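Provided below for reference: sequence and predicted model.
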Amino acid sequence: MIKKFIDKLLGKSAKNGAVKPHPRGKRVEVPKAEHGIDLALVDERAIKVVQTLADAGFEAFIVGGAVRDLLLGLRPKDFDVATNATPEQVKALFRRAFIIGRRFRIVHVVFGRGRDHEVIEVSTFRAMMDAAAADQVVGNEKTSRSELAGKTHVIDAEGRVLRDNVWGPQIEDAARRDFTVNAMYYDPQREIVVDYHGGIKDAKKKLLRMIGDPETRYREDPVRIIRVVRFAAKLGFEIEPKTRTPIKAMAALLDNVPLSRMFDEMIKLLQTGHSLASIEELRKQGLHRGVFPVLDVLLDEAHRHDGREKFVQLAMSDTDRRVGEGKPVAPSFMLACMLWHDVLDGWQQLRKRGEPAFPALQQAIDAVFDARIGDISGRGKLAADMREIWMMQPRFERRVGNAPYTLVEQPRFRAGFDFLRLRGDAGEIDAELANWWEDFSLGDDDERRALMEVAREQGHVRRVPAASGPSAGPSAGATATDADPAKKRRRRRRKPAQGTPDGGPRPEVANPDGGS
């Protein structure tokens, strides 16, 4: 039994016991006349990194998803560089460069400062290692931390690579990347593309094809299962049959991937500008349950008609639009949209038991974080932003006195308002409430006073018909003050707002397989 498992891990054929050769590929240099890449689409900082390395006597190329996008005539969002220089040698050549990562050691070369800074990630060519030559540990990154110390090539019991820091030639670096369209190298100085595995041909065919045996490659890094779905949705590519076949059967390997890495992959999936297509691709590949606990609430068929699907689809469409327009998007907003109906249901149940509105909302939020987010809630900024968006919703129904002026000054007001607008678009609340706040936030002093007078004449907050179905929460039909007249004068002191919105946590290390 053990021998059978090892044979499977190493890619041996059940018929003759021979090891399936991992294709090294054949180097082909493609000139500009054939690849047609427009040099004007290449980031000048990436060119500078390549030139600095080349001037120091090293090989250096733009690599991975940037080359793929350039071939498709797209302007890449990120640029990665691959070189035969070691991380220490790369770091020594740049004033602001930092070696990061354990599983894959790479260098971040930083240009600029503050919010306008840009990072070019530089990786060293990696060797194509035989799994039989790797050190093996029983646990994962956390449980086997002491065993991983000082090792350069380590796998777990399922064949997943936990350390991959053995340097090698470019031809082997290409072979160990995931898909053919992510295994190409572009030299912006000579304007040639180095292609070992027919990546240019597959890019023209709009085909995602795994390099080597797909099952073995998924075992090395199960996150490739998610990456193939993301790329198919993002690029509109078809998944090559041999690459697609093992996906569903091997999805269980994702259970042993650290939650933080899975969380980062989910955020990428939702913020590529093709989130709706990504969700549909997950369904298509049979990955719509159990892979991402946060997504289960959306993908579960039981919730298709309770109001949340329409709400989340509106949120995803809005996110896709913003990405397409080059506007920033925050993962906290998307996650707040995805989990809102869980919060709303819990809030409604607690209110029915007699809990005051704001404490009930806080309890409902805590319960959802425990059930759906788990350890990820440790990412304090992300969780704080989600909580503030949710806690802001009942405050939008207070439209007299100083409350409106205080609310519009909150750092997260815009995110909270956008959330309110989505609720109106979905029919969960009266859309006029969102219109009032938009006018108030943009109005001058006279316009604001007039709007508040209208709200006062309407009885402070206009009662709206309760939303149909289980999604109708306390704020859908009445305010906290309407529901609790006896507590009207009691005001809970709020903590100061925590920071300003940002784009969310950046993964510690980009995936060295190439592509983004």
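Alright, I've got the coordinates. Residues are numbered from 1 along each chain as shown.

helix, strand, or coil at Tyr186?
Classification of Tyr186 using DSSP: H, G, I helix; E, B strand; the rest coil returns strand.

tell me the pLDDT of it.
Per-residue pLDDT puts Tyr186 at 98.

got a list of what it touches?
37, 42, 61-63, 66-67, 70, 192-194 (CB atoms under 8 Å, 6 or more residues apart in numbering). Bear in mind the C-beta positions are built from the backbone N, C-alpha and C, glycine included.

looking at those residues, which are in helices?
66-67, 70 (DSSP state H).

TSV for those, including distance to Ala82?
Shown next, in TSV, are these (distance: CB to CB, whole Å):
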residue	distance to Ala82
Ala66	11
Val67	10
Leu70	15
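
what is the nearest of these to Arg351?
Ala66 (51.2 Å; CB to CB).

ok, the ones in helices among the contacts of Tyr186 vs Ala33, which is closest?
Closest approach to Ala33 among the ones in helices among the contacts of Tyr186 (CB to CB): Leu70, at 15.2 Å.

buried ones among the contacts of Tyr186?
Buried members of the contacts of Tyr186, scored by 16 or more other CB atoms under 10 Å, are 37, 42, 61-63, 66-67, 70, 192-194.

residue ranges with poor pLDDT in the stretch 351-500 of the chain?
373-379, 459-500 (pLDDT under 70).

how about the helices in it?
357-368, 380-392, 403-408, 413-425, 431-442, 445-457, 474-477, 480-483 (DSSP state H, counting those that start in this stretch).

out of the ones you listed, the one nearest Val90 is which?
Of those, the one closest to Val90 (CB to CB) turns out to be helix 380-392, at 30.0 Å.

returning to what we had before: how about JSON lines for the buried ones among the contacts of Tyr186, with pLDDT and distance to Pro328 added?
Formatted as JSON lines, the buried ones among the contacts of Tyr186 follow (pLDDT from 0 to 100; distance: CB to CB, whole Å):
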{"residue": "Ile37", "pLDDT": "96", "distance to Pro328": "28"}
{"residue": "Val42", "pLDDT": "96", "distance to Pro328": "23"}
{"residue": "Phe61", "pLDDT": "98", "distance to Pro328": "30"}
{"residue": "Ile62", "pLDDT": "98", "distance to Pro328": "25"}
{"residue": "Val63", "pLDDT": "97", "distance to Pro328": "26"}
{"residue": "Ala66", "pLDDT": "96", "distance to Pro328": "20"}
{"residue": "Val67", "pLDDT": "97", "distance to Pro328": "25"}
{"residue": "Leu70", "pLDDT": "96", "distance to Pro328": "23"}
{"residue": "Ile192", "pLDDT": "97", "distance to Pro328": "35"}
{"residue": "Val193", "pLDDT": "97", "distance to Pro328": "31"}
{"residue": "Val194", "pLDDT": "97", "distance to Pro328": "34"}
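
distance to Ala403 added to the residues you listed, as CSV?
Supplementary listing: these in CSV, determined by distance: CB to CB, whole Å:
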residue, distance to Ala403
Ile37, 56
Val42, 51
Phe61, 58
Ile62, 53
Val63, 54
Ala66, 49
Val67, 54
Leu70, 52
Ile192, 63
Val193, 60
Val194, 62
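
so which of those residues comes closest to Asp320?
Once CB to CB is applied, the member of these that ends up nearest Asp320 is Ala66, at 21.6 Å.

tell me the contacts of the closest one?
With CB under 8 Å, 6+ apart, Ala66 has these contacts: 46, 76, 78-80, 186, 516.

which one of the helices of the stretch 351-500 of the chain lies closest to Arg224?
That would be helix 380-392 among the helices of the stretch 351-500 of the chain, by CB to CB, at 25.3 Å.

need the helices for the stretch 101-250 of the chain, in chain order.
Under DSSP H, counting those that start in this stretch, the stretch 101-250 of the chain gives helices at 145-148, 170-175, 199-205, 214-220, 223-235, 241-244, 247-250.

for Val408, which of the ones you listed is the nearest?
When those are compared by CB to CB, helix 223-235 sits nearest Val408, at 36.4 Å.

as CSV, could you dump the C-alpha coordinates of the closest one?
Provided in CSV are the C-alpha atoms of helix 223-235 (Å, rounded to 0.1, in the frame of the first residue of the first chain):
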residue,chain,number,x,y,z
VAL,A,223,-3.8,25.9,-4.8
ARG,A,224,-3.2,25.4,-8.6
ILE,A,225,-6.7,24.0,-8.6
ILE,A,226,-8.0,27.5,-7.6
ARG,A,227,-5.5,29.2,-10.0
VAL,A,228,-6.8,27.3,-13.0
VAL,A,229,-10.4,28.3,-12.2
ARG,A,230,-9.3,32.0,-11.7
PHE,A,231,-7.4,32.2,-14.9
ALA,A,232,-10.1,30.5,-16.9
ALA,A,233,-12.6,33.1,-15.6
LYS,A,234,-10.2,36.1,-15.9
LEU,A,235,-8.9,35.3,-19.3
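
show me what that helix is packed up against.
Contact here means 3 or more CB pairs under 8 Å, 6 or more residues apart in numbering; DSSP states H and E; on that basis helix 223-235 packs against strand 207-208, helix 214-220, strand 238-239, helix 247-250, helix 259-270, helix 275-284.

run the last query once more with 10 Å
Here helix 223-235 touches helix 65-71, strand 207-208, helix 214-220, strand 238-239, helix 241-244, helix 247-250, helix 259-270, helix 275-284, going by 3 or more CB pairs under 10 Å, 6 or more residues apart in numbering; DSSP states H and E.

then the longest one to PDB, C-alphas only?
It refers to helix 259-270. Coordinates of the C-alpha atoms in helix 259-270 are reproduced here as PDB (Å, rounded to 0.1, in the frame of the first residue of the first chain):
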ATOM      1  CA  LEU A 259      -6.300  29.200   5.900                       C
ATOM      2  CA  SER A 260      -4.400  32.400   5.300                       C
ATOM      3  CA  ARG A 261      -3.200  31.300   1.800                       C
ATOM      4  CA  MET A 262      -6.700  30.000   0.900                       C
ATOM      5  CA  PHE A 263      -8.100  33.300   2.000                       C
ATOM      6  CA  ASP A 264      -5.700  35.200  -0.200                       C
ATOM      7  CA  GLU A 265      -6.700  33.000  -3.200                       C
ATOM      8  CA  MET A 266     -10.400  33.700  -2.500                       C
ATOM      9  CA  ILE A 267      -9.800  37.400  -2.500                       C
ATOM     10  CA  LYS A 268      -7.900  37.200  -5.800                       C
ATOM     11  CA  LEU A 269     -10.800  35.200  -7.200                       C
ATOM     12  CA  LEU A 270     -13.200  37.900  -6.300                       C
END
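
relative to helix 275-284, how tilted is that helix?
120 degrees (axes from the mean of the first three to the mean of the last three CA atoms, to 10 degrees).

give the buried residues for helix 259-270.
260-270.

so, low pLDDT: which residues of the stretch 201-350 of the chain?
For the stretch 201-350 of the chain (pLDDT under 70), the answer is 288, 290, 293, 297-307.

still on that earlier bit, out of the helices of the stretch 101-250 of the chain, nearest to Glu397?
helix 223-235 (37.8 Å).

any idea which of the helices of the stretch 351-500 of the chain gets closest to Gly198?
helix 380-392 (40.3 Å).

just checking the distance from the closest one to the centre of its chain.
With CA atoms, centre = their mean, to the nearest Å as the basis, helix 380-392 stands 18 Å off its chain's centre.

which one of the helices of the stretch 101-250 of the chain lies nearest to Val122?
That would be helix 170-175 among the helices of the stretch 101-250 of the chain, by CB to CB, at 12.9 Å.
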